[in-house]
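S.K.: Just to be clear, the model below is a prediction. Sequence and coordinates:
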Amino acid sequence: MAEAFTATNPSVTLVKGEWEDMDDLGEKPYLFTDGVGTISKELGSRIWEALCQERQNRTNALEPSAYQIRFLGSVRLILCLSMLGRIPP
């Protein structure tokens, strides 16, 4: 319920084709997901740069390795992974 009242600060824009959905692991009725998604380190850096521009006091802070985001109408936790491919500028 609390997440319904939290502010969401826009950071970057993605267009169709820049993400893919992954199926849960296992077979019915034992499907498993930990609910955590992944993004490339490069996209994580783009998000961080946008957030730093919005709030000047973040410029000396460490760049996060995970974000809680709102994407396609749901709240998600995403991890930044360096092993994922680069995204176009």
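M.R.: Sure, I can see it.
S.K.: Look up phi and psi at the spatially most central residue of the chain.
M.R.: Closest residue to the average C-alpha location of the chain: I78 at 4.3 Å, with C-alpha atoms, centre = their mean. Note on I78: backbone dihedrals following degrees, to the nearest 10 are phi -130, psi 140.
S.K.: contacting residues for it?
M.R.: By C-beta atoms under 8 Å, 6 or more residues apart in numbering, the contact list for I78 reads 36-39, 66-69. The C-beta positions use only the backbone N, C-alpha and C, and glycine is treated the same way.
S.K.: ChimeraX command to pick out the buried ones of these?
M.R.: Listed next is the ChimeraX selection for buried residues among the contacts of I78, using 16 or more other C-beta atoms under 10 Å:
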select :37,39,67,69
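S.K.: how far away is P64 from Y30?
M.R.: P64 is 33 Å from Y30, where distance means C-beta to C-beta, to the nearest Å.
S.K.: who has more neighbours, these two?
M.R.: A direct count of neighbours by other C-beta atoms under 10 Å for P64 and Y30 places P64 higher, at 13 against 8.
S.K.: my guess is I47 contacts S65, does it?
M.R.: No: look at I47 against S65 with C-beta atoms under 8 Å: they stay out of range, at 11.5 Å.
S.K.: Please identify which of those two sits among more neighbours.
M.R.: I47 (18 against 11).
S.K.: What segments of the protein are strands?
M.R.: Counting by DSSP state E, the chain has these strands, from start to end: 36-40, 66-71, 74-81.
S.K.: elements contacting the second one?
M.R.: Contacting strand 66-71 under the criterion 3 or more C-beta pairs under 8 Å, 6 or more residues apart in numbering; DSSP states H and E are the following elements: strand 74-81.
S.K.: again, 10 Å this time
M.R.: Packing partners of strand 66-71 (3 or more C-beta pairs under 10 Å, 6 or more residues apart in numbering; DSSP states H and E): strand 36-40, helix 41-54, strand 74-81.
S.K.: what sits up against that strand?
M.R.: Contact with strand 66-71 is made by 3, 6, 8-12, 14, 19, 36-39, 43-44, 47-48, 51, 75-80, as judged by C-beta atoms under 10 Å, 6 or more residues apart in numbering.
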